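**Q** Fold the following.
(chains A and B)
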Amino acid sequence: MADPRTVAPATSILLTLGLICFAEPGFAQQPDSSASAEALKKLSIEQLMNLEVTSVSRRPERLAQAASAIQVITQQDIRRSGASSLPEALRLVTNLQVAQVNSRDWAISARGFNSTTANKLLVLIDGRTVYTPLYSGVFWDVQDVPLGDVDRIEVISGPGATLWGANAVNGVINVITKRARETQGLVVSGGGGTELRGFGTTRYGGALGSHVNYRIYGKGWAREPSVLPGGQDATDDWHMEQAGFRLDWDASTINQVTMQGDLYNGRISQATAGDIAVSGGNVVAKWSHTVSANSAVTAQLYYDRTNRNIPGTFGEDLDIYDVDLQHATRLGARHDVVWGLGYRLINDRVANSALLAFLPPHVTRQWFTGFVQDEIALIPDRLHVALGTKVEHNDYTGYEIQPSGRVSWRLSPSGTLWAAVARALRTPSRIDRELFFPGQPPYLIAGGPGFHSEEELAYELGYRHQRGALALSVATFYSRYHGLRSVEQVNPPTPSPAVIANGQYGESYGAEVTADYLITKGWRVRAGHTELRIHIWPNPGSTDTTRGASESQTPDRQFFLFSSLDLPAHLRLDAGMRAIDDITRQQVPGYAELNAKLTWQPTPQLDLSLVGQNLLHDRHAEFGAPATRREIERGVYGLVEWRF
Amino acid sequence: MLARAPRALPLAALLVAGRGLAAQAVRASEYDVKAVFLFNFAQFVEWPAEAFPEADTPLVIGVLGDDPFGRVLDQTVGDERLGGRRFQIRRYHSVDEIKTCHILFVSRPEGDRPQSVLAGLKNRPILTVSDADGFAERGGMIRFVTDRSRIRLQLNLAATEAAHLTISSKLLRVAEIITRPGP
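**A** All right, here's what the predicted structure looks like:
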């Protein structure tokens, strides 16, 4: 654990703050009851007409998505990969930067600016923003869903601030679970192995009459610790238990109601202090109402509670209340308008320590948002333009405006060219204005009372091609950033005291290429490559000497290759390879790793699998400065799943 | 790595409600089922001889406009053969591109205004299918109707006869026959 007296000067404080604070130093529709194409072909025409059909995942896409660098991973992708957590599933998305920091911490971002406190990515689970107002980021250790109930994960790299929220500077992750009627029956799965010590999930889905479907689940797992660079146990083993439900009520053909919620509890070992305790829960209510064939309204209300106690560092009790209203309507023959209003209230109570303090410890903050977007069919089905803006009011900086414009031009039935320009903001969070280090004066580093929003102007150009067995996407981007976070020396060149400010600017550019090819009916191959460059400079007059050290911990390139192969005798073999360039700033060497899963399905109800993760090396590092670095070991686990 | 004493065993929480595990209805994705319908139609329709100029002319299933099937149609057809003929999937942007074709799925929004599409086909022996509202009433041959989560078929006999297609009695028995003449 970092001792405050020995912590490096302010130059690298922000870099390590995340670690100090939060990381302790240190079958497409195959699963469940849906039927495969082969099974469907055996049915008579009368039987086909008696099938209950669902139409969830192939909705017509909206332009905001069509004209962006979106990638979608499906239930089948997740299932076949052997991913055992949400961050592991996000490794399947080739336009994300995903790095495992230690046993429980992950650095996840899109288009760079990655850190354990990455703050330019918005993550939603079934419409609920997963967000900590401490640093505008995500505590990945407490974000979980039963992966078998996930319908798909949509990931947009690039700004999505107009339609989404204020964190959507460089990307949006949208985790969407299945409707309860698609998860009927009992599923029990469990197993264990070397790194993932043990885990189990039970889910039951049922119906109450003909209009209400529900599911309930419980799951738990225990994970082994990561290791120090010398191979010793890093004492960060942990376990979690979680339970939840979802209920869908088709009240009438024009009214649908969904209620869902989760509760979790876990403990994480620390080397130098007592265990970290995490717990929390959420409940979400949604109502969607069809006004007419061309008009629909949705309303959503949720409450989310987070408790986190890190002995020796800090503790937090956070309540979030959020309400959203959206209306989509068609005006005339050419305009599709979506507008919405939102309100969010947080009540955050921090227990400070000698190491650091959030001052004031207890804050209540609120956000008001409104957005409108008009999608205009200039040439119907060929050339569409979407113009929109978000207006937000927050307690730190008042009103903020985030407009965007997108164009999609369908060159042929299989090819679409798109372009976008957007302004997106990363509004201040508590870490920028209210964090003091150490916990009592004199402070070596102090929050910046004048910290304002970081601003991005993004330009994107892309092409998407889908025809038959081949899907191909290329996205290129250039972004300018202003007011990036800096650590300003108050009495230069003395490193401390220092204060947080907006003293840096920068640019990023690069390209994301993905290809997906169905070689034969039983063999699918998917590949992705990302090139990314980030340059950050101090503003004139800035006394920052970090040179963007805390903002640009991102590899210049990464390459992924996935293969899904159906073998005879009810066997399936999946493999995923990733090659990640070095993180120069942190001296993390580049690496290549391989995950693989072999599944035997002796009966339609039973899956027996063997999963290998990070198979190529005994251990390897993915993220973190040398002083606090942890390494990830090779892992193997077995999995049994029964579907009753 | 150092062995550590096991702490909490992972809990596969036992949430099983007391109710029995009643057999549940099989469900399938809408366009997976529609793809199988299109594939099956090949067995229930007889084309005039000129529709297959060569002995090895494949049986072509076409999609006009935005393809709602993704890869499902290709997967459904796979390596199947019908009477020795291979299947082939083609995708069209406009009616003018359609040369050899036997079953044509007309996607929205083209299917919402079928007159121009059908006029372009000029009663060629192509089985036209769509899920657009009023497709069969307006001169299309088969419409998928999704009714309480199940797919029904509407069939316009006058249109199939005009294109010299013979529909098997098996299909006639299950379809709702639309007698209103084309527009």
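**Q** Okay, now the unreliable bits of chain B?
**A** Scanning chain B for pLDDT under 70 picks out B:1-28, B:148, B:180-183.
**Q** can you check chain A too?
**A** Confidence mapping of chain A against pLDDT under 70 gives the ranges A:1-36, A:52-66, A:165-166, A:293, A:468.
**Q** What segments of it are helices?
**A** Ranges of helices in chain A, per DSSP state H, are A:13-22, A:37-41, A:45-50, A:63-66, A:75-81, A:86-90, A:430-433.
**Q** in the third one, what counts as buried?
**A** The neighbour-count criterion (16 or more other CB atoms under 10 Å in any protein chain shown) identifies A:I45, A:L48, A:M49 as the buried residues of helix A:45-50. For every residue, glycine as well, the C-beta is placed using N, CA and C.
**Q** Might one say that the last one is in contact with B:V174?
**A** Read that as A:M49. Yes: between A:M49 and B:V174 there is a contact under CB atoms under 8 Å: 6.2 Å.
**Q** Give me the common contacts of these two.
**A** Common contacts of A:M49 and B:V174 (CB atoms under 8 Å, 6 or more residues apart in numbering or on different chains): B:L153.
**Q** Can you pull the residues of the stretch 301-450 of chain A lying near chain B?
**A** A:P380, A:D381, A:S412, A:P413, A:S414 (CB under 8 Å from any CB of the partner chain).
**Q** What distance do you get for A:T554 to A:T584?
**A** 9 Å (CB to CB, to the nearest Å).
**Q** separation between A:N170 and chain B?
**A** Distance, A:N170 to chain B, using CB to the nearest CB, to the nearest Å: 28 Å.
**Q** tally of neighbours for that residue?
**A** For A:N170, the number of neighbouring residues by other CB atoms under 10 Å in any protein chain shown comes to 31.
**Q** Name all residues that make contact with the nearest residue to A:D544 once chain neighbours are set aside.
**A** Residue nearest to A:D544 in three dimensions, not counting chain neighbours: A:S486, with 3.7 Å by CB to CB, 6 or more residues apart in numbering or on different chains. By CB under 8 Å, 6+ apart, the contact set of A:S486 is A:I500, A:A501, A:N502, A:G503, A:Q504, A:P538, A:N539, A:S542, A:D544, A:T546.
**Q** could those residues be laid out in JSON lines, adding neighbour count?
**A** Shown next, in JSON lines, are the contacts of A:S486 (neighbours: other CB atoms under 10 Å in any protein chain shown):
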{"residue": "A:I500", "neighbour count": "26"}
{"residue": "A:A501", "neighbour count": "22"}
{"residue": "A:N502", "neighbour count": "22"}
{"residue": "A:G503", "neighbour count": "22"}
{"residue": "A:Q504", "neighbour count": "24"}
{"residue": "A:P538", "neighbour count": "19"}
{"residue": "A:N539", "neighbour count": "16"}
{"residue": "A:S542", "neighbour count": "18"}
{"residue": "A:D544", "neighbour count": "26"}
{"residue": "A:T546", "neighbour count": "23"}
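**Q** and these, which of them are in strands?
**A** Using DSSP state E, the members of the contacts of A:S486 that fall in strands are A:I500, A:A501, A:N502, A:G503, A:Q504, A:P538.
**Q** how about the residues of the stretch 101-250 of chain A that lie near chain B?
**A** So far as CB under 8 Å from any CB goes, the stretch 101-250 of chain A lies against chain B at A:181-182, A:184-186, A:188-190, A:192, A:197-204, A:206, A:216-222, A:224-225, A:227, A:231-233, A:237, A:239, A:241, A:243.
**Q** Emit the ChimeraX select command for whichever of the residues you listed are buried.
**A** Filtering these down to the buried ones (16+ other CB under 10 Å) takes a single ChimeraX command:
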select /A:181,182,184,185,186,188,189,190,192,197,198,199,200,201,202,203,204,206,216,217,218,219,220,221,222,224,225,227,233,237,239,241,243
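**Q** Now do stretch A:273-281: distance to the chain's middle.
**A** Averaging C-alpha positions (CA atoms, centre = their mean, to the nearest Å) puts stretch A:273-281 22 Å from its chain's average.
**Q** Correction: the previous question concerned stretch A:427-440.
**A** Taking CA atoms, centre = their mean, one finds the center of stretch A:427-440 at 24 Å from the center of the full chain.
**Q** Okay, buried residues for that stretch please.
**A** A:427-439.
**Q** A:S479: which of those is nearest?
**A** Among the buried residues of stretch A:427-440, A:T427 lies closest to A:S479 (CB to CB), at 17.3 Å.
**Q** show me what contacts the closest one?
**A** Contacts of A:T427 by CB under 8 Å, 6+ apart are A:S136, A:A166, A:E392, A:N394, A:Y396, A:T397, A:E400, A:S453.
**Q** Quick one: buried ones out of the residues you listed?
**A** A:S136, A:A166, A:E392, A:N394, A:Y396, A:E400, A:S453.
**Q** Report the entries of the buried residues of helix A:45-50 that also contact chain B.
**A** A:I45, A:L48, A:M49.
**Q** which of the residues you listed lies closest to B:E137?
**A** For those, the nearest to B:E137 is A:M49 (20.1 Å; CB to CB).
**Q** can you pull the contacts of the closest one?
**A** B:R150, B:I151, B:R152, B:L153, B:V174.
**Q** can you check A:Y478 too?
**A** A:Y478 touches A:A458, A:Y459, A:E507, A:S508, A:Y509, counting by CB under 8 Å, 6+ apart.
**Q** Now with 6 Å, please.
**A** Neighbouring residues of A:Y478 by CB atoms under 6 Å, 6 or more residues apart in numbering or on different chains: A:Y459, A:Y509.
**Q** That one pairs with what?
**A** Using DSSP bridges, the beta-bridge partners of A:Y478 come out as A:Y459, A:Y509.
**Q** and the gap between it and chain B?
**A** 31 Å.
**Q** Over to A:H617?
**A** 14 Å.
**Q** residue boundaries of the strands in chain B?
**A** Going by DSSP E, chain B shows strands at B:27-29, B:45-46, B:59-64, B:81-82, B:85-92, B:103-106, B:127-130, B:142-147, B:150-156, B:166-167, B:176-178.
**Q** Any chance of JSON lines for those, columns distance to A:A277 and mean neighbour count?
**A** Listed next are the strands of chain B as JSON lines, based on distance: least, CB to CB, whole Å; neighbours: other CB atoms under 10 Å in any protein chain shown:
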{"stretch": "strand B:27-29", "distance to A:A277": "41", "mean neighbour count": "22"}
{"stretch": "strand B:45-46", "distance to A:A277": "67", "mean neighbour count": "16"}
{"stretch": "strand B:59-64", "distance to A:A277": "55", "mean neighbour count": "23"}
{"stretch": "strand B:81-82", "distance to A:A277": "63", "mean neighbour count": "12"}
{"stretch": "strand B:85-92", "distance to A:A277": "56", "mean neighbour count": "18"}
{"stretch": "strand B:103-106", "distance to A:A277": "57", "mean neighbour count": "26"}
{"stretch": "strand B:127-130", "distance to A:A277": "58", "mean neighbour count": "26"}
{"stretch": "strand B:142-147", "distance to A:A277": "50", "mean neighbour count": "19"}
{"stretch": "strand B:150-156", "distance to A:A277": "50", "mean neighbour count": "19"}
{"stretch": "strand B:166-167", "distance to A:A277": "69", "mean neighbour count": "16"}
{"stretch": "strand B:176-178", "distance to A:A277": "62", "mean neighbour count": "15"}
